[in-house]
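Could you look at this predicted model? Sequence included:
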2 protein chains.
Amino acid sequence: MEDVLSVDPRTGQATEVVTQKTSPAELEQRCKEALEAAPTLDRLGRTGRATLLEALAGALEAHRDDIVTVADRETGLGATRLNGELTRTCYQLRLFGEVVREGSYLEATIDHAGDTPMGPRPDLRRMLVPLGPVAVFGASNFPLAFSVPGGDTASALAAGCPVVVKAHSAHPATAQLCFEVMTEAAAKAGAPSGTLGIVHGQAAGGALVAHPAIRAVGFTGSQGGGRALLRIIEQRPDPIPFFGELSSLNPVVVTPQATRERPVQIGHELAGSATLGAGQFCTKPGLAFVPAGDDGDRLVEAVAAAVDELDAQVLLNAGIASSYREISAELAALPALRTAAQGRPARGAGFEAVPLLLATTAADLPAEATEECFGPLTVVARYDGTADLLAALDRMPSSLTTTVLRGEGETELPRAVTERLRGRAGRLIYDGYPTGVAVAWAQHHGGPWPSTNSQHTSVGATAIRRFLRPLTWQNAPPDLLPAELADDYRGIPRRIDGVLVLP
Amino acid sequence: MEDVLSVDPRTGQATEVVTQKTSPAELEQRCKEALEAAPTLDRLGRTGRATLLEALAGALEAHRDDIVTVADRETGLGATRLNGELTRTCYQLRLFGEVVREGSYLEATIDHAGDTPMGPRPDLRRMLVPLGPVAVFGASNFPLAFSVPGGDTASALAAGCPVVVKAHSAHPATAQLCFEVMTEAAAKAGAPSGTLGIVHGQAAGGALVAHPAIRAVGFTGSQGGGRALLRIIEQRPDPIPFFGELSSLNPVVVTPQATRERPVQIGHELAGSATLGAGQFCTKPGLAFVPAGDDGDRLVEAVAAAVDELDAQVLLNAGIASSYREISAELAALPALRTAAQGRPARGAGFEAVPLLLATTAADLPAEATEECFGPLTVVARYDGTADLLAALDRMPSSLTTTVLRGEGETELPRAVTERLRGRAGRLIYDGYPTGVAVAWAQHHGGPWPSTNSQHTSVGATAIRRFLRPLTWQNAPPDLLPAELADDYRGIPRRIDGVLVLP
């Protein structure tokens, strides 16, 4: 038995033993319970699952103060941010309740038997069905929005899939508390035991991904961590779907006109976005293209002034802090990068990091500066004209987001930048900043490798699709069809004989 | 330079040199052309691409006689089957034209800016966009439906993705002829050069999957072939989506009541389905559960009588024929399997295979008989009561299909079988046979591993989704939005502020 410790990142000290690392026998039990829960959770139906999601939101809110207190102690993210994160998670649970009630997500489709140029066609009825138990890997940087509660868990439960969470070692007490609150609420809402499970420890995480009961994996973390889990999946006799949100640079382009119009404002906003949550957002702007010249100088000076004034920031755990120190020192030592500003030095014994602004030119931008550096560091690359900018954009990796800050009414350069980068981004942002990912029907939080490894989102209504697969019934007797595929069902949008029909 | 030979499977002899294996320089050129074509093909828009798909269908039909003649010489599948296959392919191209015009497939979604419990939400607009150039691997067994023309190519072009096909070595002349017909038609329809490319040879296939320009792979073939391509993808700096249709047993359950009511009819139909196209369908019923007892005996005798009367059948190439001979001999030699019937011996020098019916009991069913054997072989497993049947079903792998043959009005046992197998099938068939996959909106041709490695279909309207990914525009100026996301666009179904709105 090995202790799972809760560590305070502000001091670097362990504050309590939360539990023990999950043993192989316990893991087996969690997976067995999830597998047994699967058909019952599916049979709860859309209304039953919407009620479950709403009950989870209510329970988390009822324990808001306790949860935020524990999460703040374990992550150092502060009560304001953590309260916002919990609000977001509850909103997402309730939105998914609406999505499930509305029912479009089933993609219900009926083709009645008939003749076609290919010959007679049988009666075919298709809809999406749950995959089965899903393993969710909590992320270090969102203890309440991508962890035990959060987008992956909400998506899987909405789809009708039991969830076994691998708790992140950076916030095991938060994970355990949320798990207990949610498990109690799920039982009261009529969900089967085994709807939600939790495991602790890296070994248990690997064994979870390898377990035959697990039918899909949701993961938010590093590219290295994602690759490691993919290797485990490849060794399975039956490789399963893996949805990884991995790594993102999130380049920002400031046009010359925007730079001329509002250099100081943009400078302050950019510094704020890059250091929000100690730069530990997957959508942190890691690289900003700013024009050469006086206006650009003023903009960069404003960023630098903001960064200079920042205190050292507390990172989530020892590993992230030492990795940040190592990578930021390597970047700062590159001849092509100049240290334009740095925050105040660390004062305590915790996992502190000094915010850093590095500067270079678009032409000299080193490849190392086009990879994500997790923490409060950003790079400004000065470009000399459109051709110089566009050439540099061709060297960008794919990201979750691409941002263009425009001048008033400007479209020409924004269009050129968009065309250059849209193949390498999941979200195109105009006159805003990439941090802050609204939960909505139209949200997409994904993108080509390395931002994710899939064509799906982990935020917003369509995140549910990840944990569903199509099933077609051919010539099924009416008694054996799901309710939503019966001829006389009217509750959801369906496609009938090729025509979309609203309820 | 290495020759690509066209071989007649009826004689085993090469009949012509079709072309040369694609060199690395040629491959580079194909990929470059595809990459250059991508934005132009996207800009053709939905109407332009629908016109392109319809033009391809028209051109293939205009060359029907030539195509069928060459394909029959290379595959031995016969003119009737090949004419049907071409009709199906043209139907699919035209259906995809309709799907693209209708526009639901874009999943266009608009959330206007507004306040939420999470705080203010920016304007978000989401739709699906093409992935970029797609590599399509032609399948040996469908020279016209899963090859240069066929579901993957049609899906990718409909989505707006250029295609580079790796021609299957079992029908290179058919592939080349179809490529030429389609390329000419595509140019006439206004598609950019590079919309369709072709490569020959196994080395070129591997290099294609590794090439940076390729953004996704569609593959129909063996589990081993699929795993090999996945390994290449894993080595890429940017692993890309792979859609493999791999291997399927397609179990059939005949209920006692159905067996009592129509044993001879079912026996004949089952033999027909299992040996259709020389048993080279991915949906071939490889295993049938038939009740023990007199009625079941009559059914099996009817299957056996039909198989006994069959001539040796011509398989697609030397590799498939030798693999069939090896696997069928291994299975027949297993103590638990009895040879219940075999077709007439081979007569010629071609790639002939003797149809084979093996019999066992559900309790003794060896694991080897639950794997796909490509060719005219099927296994009958006799079960003794419901418990015996359901226990055997628990040992089934996932398949593209599961079939239940019911008695008149029967639902109880069909329901139990469905519940047991629906987690392991992509299509549940009642009172029909798995061979024959209708192209339709509600079709699903997919399933958990080993049937496929994805949660998508390779047949039917939703096959297009494989080659698309979501993109969200945040606070985009109207000038930079695609037409389908403009406020005043009315041409397609869209979700606006959470509500699905029809045109």
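Perfect, I can see it now.

Unless I misread the structure, residue A:115 falls within a helix.
No. Assignment of residue A:115 by DSSP: H, G, I helix; E, B strand; the rest coil gives strand, placing it outside any helix.

Skip the chain neighbours and tell me the closest residue to it.
Excluding the flanking residues, the one nearest residue A:115 by CB to CB, 6 or more residues apart in numbering or on different chains is residue A:121, at 7.3 Å. From N, CA and C alone the C-beta is placed, and that goes for glycine too.

tally of neighbours for the one you found?
Applying other CB atoms under 10 Å in any protein chain shown, we find 19 residues neighbouring residue A:121.

Surely it touches residue A:474?
No. Look at residue A:121 against residue A:474 with CB atoms under 8 Å: they stay out of range, at 9.8 Å.

And for the closest residue to residue A:346 other than its chain neighbours, the neighbour number?
Nearest residue to residue A:346, sequence neighbours excluded (CB to CB, 6+ apart): residue A:352, at 3.7 Å. Residues near residue A:352, counting by other CB under 10 Å, number 24.

Which residues of the stretch 101-250 of chain A lie near chain B?
Residues of the stretch 101-250 of chain A lying close to chain B (CB under 8 Å from any CB of the partner chain) are A:102, A:104, A:107, A:109-111, A:116-119, A:121-122, A:124-126, A:129, A:131-132, A:215, A:230, A:234, A:238-241.

Among those residues, name the ones in helices.
Assigned to helices by DSSP state H, the following of these qualify: A:102, A:230, A:234.

I would like a PyMOL command selecting only the buried ones among these, please.
In PyMOL, a selection of the buried entries from these looks like this (16 or more other CB atoms under 10 Å in any protein chain shown):
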select buried, chain A and resi 102+230
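
got TSV for the ones in helices among the residues of the stretch 101-250 of chain A next to chain B, with pLDDT too?
What follows is those, written out as TSV (pLDDT from 0 to 100):
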residue	pLDDT
A:102	98
A:230	96
A:234	94
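
For the ones in helices among the residues of the stretch 101-250 of chain A next to chain B, give me JSON lines that also has distance to residue B:455.
Below are those laid out as JSON lines (distance: CB to CB, whole Å):
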{"residue": "A:102", "distance to residue B:455": "21"}
{"residue": "A:230", "distance to residue B:455": "17"}
{"residue": "A:234", "distance to residue B:455": "18"}
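
Identify, from the ones in helices among the residues of the stretch 101-250 of chain A next to chain B, the entry nearest to residue B:435.
Closest to residue B:435 out of these is residue A:234 (31.5 Å), distances taken as CB to CB.

residues contacting the closest residue to chain B within the stretch 151-300 of chain A?
Nearest residue of the stretch 151-300 of chain A to chain B: residue A:238, at 4.1 Å (CB to the nearest CB). Residues touching residue A:238, when contacts are defined by CB atoms under 8 Å, 6 or more residues apart in numbering or on different chains, comprise A:212, B:398, B:448, B:449, B:450.

The residue most central in space within chain A and residue B:419, how far apart?
Most central in chain A under CA atoms, centre = their mean is residue A:458, positioned 5.2 Å from the mean C-alpha point. According to CB to CB, to the nearest Å, residue A:458 and residue B:419 sit 31 Å apart.

Phi, psi for residue A:334 please.
The phi/psi pair for residue A:334 (degrees, to the nearest 10) reads phi -70, psi 140.

can you map out the helices along chain A?
A:24-43, A:45-62, A:64-75, A:79-102, A:151-159, A:172-188, A:202-210, A:223-235, A:256-261, A:263-275, A:294-308, A:318-333, A:386-393, A:412-421.

Next, format those as TSV and append distance to residue B:36.
Listed next are these as TSV, based on distance: least, CB to CB, whole Å:
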stretch	distance to residue B:36
helix A:24-43	47
helix A:45-62	46
helix A:64-75	48
helix A:79-102	40
helix A:151-159	37
helix A:172-188	49
helix A:202-210	40
helix A:223-235	30
helix A:256-261	30
helix A:263-275	35
helix A:294-308	34
helix A:318-333	35
helix A:386-393	17
helix A:412-421	14
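
hey, which of those helices is tucked in deepest?
Among these, helix A:151-159 has the highest mean neighbour count (mean count of other CB atoms under 10 Å in any protein chain shown), at a mean of 29.

For that one, name the packing helices and strands.
Helices and strands touching helix A:151-159, as assessed by 3 or more CB pairs under 8 Å, 6 or more residues apart in numbering or on different chains; DSSP states H and E, comprise helix A:45-62, helix A:79-102, strand A:134-137, strand A:163-166, strand A:216-220.

In JSON lines, list these along with distance to residue B:28.
Output for the helices and strands packed on helix A:151-159, formatted as JSON lines (distance: least, CB to CB, whole Å):
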{"stretch": "helix A:45-62", "distance to residue B:28": "51"}
{"stretch": "helix A:79-102", "distance to residue B:28": "45"}
{"stretch": "strand A:134-137", "distance to residue B:28": "39"}
{"stretch": "strand A:163-166", "distance to residue B:28": "43"}
{"stretch": "strand A:216-220", "distance to residue B:28": "35"}
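
for the ones you listed, which one sits closest to residue B:412?
Closest to residue B:412 of the helices and strands packed on helix A:151-159, according to CB to CB: helix A:45-62, at 22.2 Å.

Return the angle between stretch directions for the closest one and helix A:64-75.
Angle, helix A:45-62 to helix A:64-75, by axes from the mean of the first three to the mean of the last three CA atoms, to 10 degrees: 70 degrees.

Remind me what helix A:45-62 packs against, helices and strands.
helix A:79-102, helix A:151-159, helix A:172-188.

List the contacts of it.
By CB under 8 Å, 6+ apart, helix A:45-62 touches A:41, A:44, A:67, A:86, A:89-91, A:93-94, A:96-98, A:100-101, A:103, A:144, A:149, A:154, A:157-158, A:160, A:178, A:181-182, A:184-186, A:188-191, A:195, A:483.

what comes into contact with stretch A:494-503?
Contact with stretch A:494-503 is made by A:107-112, A:114, A:484, A:490-493, B:98, B:102, B:104, B:441-442, B:493, B:500, B:502, as judged by CB under 8 Å, 6+ apart.

Just those residues: which are in strands?
Within the contacts of stretch A:494-503, residues falling in strands by DSSP state E are A:109, A:110, A:111, A:114, B:500.
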